[in-house]
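Enquirer: Pasted the sequence and its predicted model underneath.
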Amino acid sequence: MMKTLTTAILLLASLLTPAQTGHLPKIYDAVSPNGRLSVRQTQGRFVVSYKTKPVLEFTVDGAASIPPESRHLTADYTMLAGKRSHCTNEANEYQCGSLTLRVYNDGIALRTASCADTVAYRIAEGTRRWMQQWTDSYEGFYPLETSFQSVPVPSYSGIFKSADGWNRRWGYPALLEPTDSVFALISEAGITRGHSASCLYNDGETYRVVPDQGDNQGVSPWRVVIIGRLADVVQSTLVTDVSDPCRLGDTSWIHPGVVSWIYWAYNHGSNDYNIICRYVDMAVALRLPYVLIDAEWDEMKDGRSIEDAVAYALSKGVKPLVWYNSSVGWVDGAPTPKYRLNKAEDREREFAWLETLGVAGVKIDFFSGDNQRNMDYCQDLLESAARHHLLVNFHGATVPRGWQRTYPHLMTTEAVYGAEWYNNVATFTQQAARHNATLPFTRNVVGPMDYTPCTFSDSQHPHITTHAHELALTVLFESGLQHLADRPESYLSQPAEVQQFLGMLPTVWDETRLLDGYPGERVVMARRSGATWYVAGINGRDEAQTLSLPLGFIESGEALLFADGTSGVAPWQISRPSSLPRTIVCQPRGGFVLVVRQ
């Protein structure tokens, strides 16, 4: 009798709601393998904590409770380019109904069973944030703000403006500082066929993940948030950790490197065979492996042709890269060549011709945003280029979302307000130093960035950063193809040590460490290539600043220091210190590079 009564009581209790029983259901925490990150679900919200401090809240339509069981995952792979050659990470994965939740050692990743399921983050007013107003080219600043209403809508086209006059559409990545010295970087990864890329739309403090145009069928891409100290964010490979592995068999033909580039100094230089030859000769003098032949090469003057230019480069031992208009974005009034890559049969024929000529890669420009058509088209281009052993550089395109792992011949992507804007607007001059000191914490975290750094002379609008600041950008800004855009005579007039530095500059890094910094203020970063460390730093301020160099992890070796000069007459201080410095004084908008060979 007693056993029967006990069974009945337990059955009745199981039928009652938590409110009727007076107890809440058991709440399970999702935790990272190292225990630093945890996610708790309460009252329909997920709260992410870093070392017990809440840093982010999000909601997911239709998500079930976090179960007690998890699946342990390990990421261990190599990259041919990027911030780290050998990438590792761990995660615990939880299946919460239609939501797959992964808690990595340096962040979280969310994926829903349907692209229609809405993911939304709460970004409280007053939270320090560095967020870019969305444009289809992702070419804008990441200003420090504390409210979405602090950001004026700029006058140029492509910015979403709501009826009340405020921007409410935001691009990736979005960097937040929810609590002192703890950061969260929101982005996306794992775009496959049938997906649009997404962005954030906000209604007050709620920021919804909204896919762009397209059917968006099936499982969603990964919604990624990197969480931790600034060093955790900068050094993270989470975007590629959740992306599909390499789809190529043979990758022996993929060789990152430094490129000489015409456009910054000569807007229409690639229709002039003689100017192309000057940049080939510059590549030879500086020992650069590549030259980029930019737009309008199909309209070359003086009876010359692209075949002539490619032949000249190859005769000098320099591998040419060639520009194309994607012909889906800016078409009317845009430079040529156009409509050569849109149809599969035309694309295959064009890429086969380039391979026969000896061209090493393509730069494809002017896409039209994050819609499904563009995402599928980019993957079509990558797969066709791989069949013909062509490196790829996407310009006027969306930010990287992990394709650099899946398609390792994707060397770089623009999607950044870069040095070419000295050609276009006067506003870049005053803001460049602060912008440069923000990019390592925002845009460049998620993938390679074709900023075209290191120009010593002026384009149409002047720059007021120092020579050492410009040189430091070649180390601070990671890109599998690093384009040097200044005039040949500008580079070749620099001290011999600077020319030698450019000729030996790696674009593949075995290790990356953030040593010091704060967005917009300063950056000090160390990158290792083999047994050589490259330590670089810049000052984002308009006054002098002393930068700290905690270099205890580097063994002593032969050191070479490039630092700010004291005037325009003496723009460099180049020395070979007998011991590694602990601090460096940088001039306003200054910088330094320290090379240590062990």
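Expert: Right, received. Where do you want to start?

Enquirer: May I have the strands that pair with the lengthiest strand in the chain, each with its orientation?
Expert: Longest strand in the chain, counting residues (DSSP state E): strand 86-96. For strand 86-96, the paired strands and their directions (DSSP bridges) are strand 71-78 (antiparallel), strand 99-104 (antiparallel).

Enquirer: Quick check: phi and psi on Leu382?
Expert: Leu382 adopts backbone torsions of phi -60, psi -40, taken as degrees, to the nearest 10.

Enquirer: Just give me the neighbour total for it.
Expert: For Leu382, the neighbour count with other CB atoms under 10 Å is 20. No exception for glycine: its C-beta is placed from N, CA and C like everyone else's.

Enquirer: surely it meets Tyr407?
Expert: Yes - the criterion here is CB atoms under 8 Å, and Leu382 meets it with Tyr407 at 4.4 Å.

Enquirer: what sits in contact with each of the two?
Expert: Common neighbours of Leu382 and Tyr407 (criterion: CB atoms under 8 Å, 6 or more residues apart in numbering): Val392.

Enquirer: quick one: the helices in the stretch 251-400 of the chain?
Expert: Here the stretch 251-400 of the chain has its helices, by DSSP state H, counting those that start in this stretch, at 273-286, 306-315, 344-357, 372-387.

Enquirer: The helix or strand where Phe58 lies pairs with which strands?
Expert: Taking DSSP states H and E as the definition, Phe58 sits inside strand 53-60. Here strand 53-60 has these sheet partners by DSSP bridges: strand 45-50 (antiparallel), strand 119-122 (antiparallel).

Enquirer: Which among these is found nearest to Ile276?
Expert: Of all these, strand 119-122 sits nearest to Ile276, with 47.6 Å by CB to CB.

Enquirer: so after that closest one, what's the next helix or strand?
Expert: Taking DSSP H and E, what comes next after strand 119-122 is strand 128-130.

Enquirer: Quick check: buried residues in that next one?
Expert: 129-130 (16 or more other CB atoms under 10 Å).

Enquirer: I'd like to know which elements that strand is packed against.
Expert: strand 144-145, strand 174-179 (3 or more CB pairs under 8 Å, 6 or more residues apart in numbering; DSSP states H and E).

Enquirer: Could I get the average pLDDT for the longest one?
Expert: Within the predicted structure, the mean pLDDT of strand 174-179 is 98.

Enquirer: can you give me the angle that strand makes with strand 45-50?
Expert: 80 degrees (axes from the mean of the first three to the mean of the last three CA atoms, to 10 degrees).

Enquirer: For the next helix or strand after strand 174-179, which strands pair with it and how are they oriented?
Expert: Next in sequence after strand 174-179, counting helices and strands by DSSP H and E, comes strand 182-189. With DSSP bridges as the test, strand 182-189 is paired with strand 174-179 (antiparallel), strand 222-228 (antiparallel).

Enquirer: Out of those, which gets nearest to Arg513?
Expert: That would be, of the strands paired with strand 182-189 and by CB to CB, strand 222-228, which comes in at 14.1 Å.

Enquirer: and that closest one, how far from the chain's centre?
Expert: 14 Å (CA atoms, centre = their mean, to the nearest Å).

Enquirer: In terms of secondary structure, what does the following helix or strand past it contact?
Expert: Later in the chain than strand 222-228, the nearest helix or strand by DSSP H and E is helix 230-235. With contacts taken as 3+ CB pairs under 8 Å, 6+ apart, helix 230-235 sits against strand 182-189, strand 222-228, strand 511-518.
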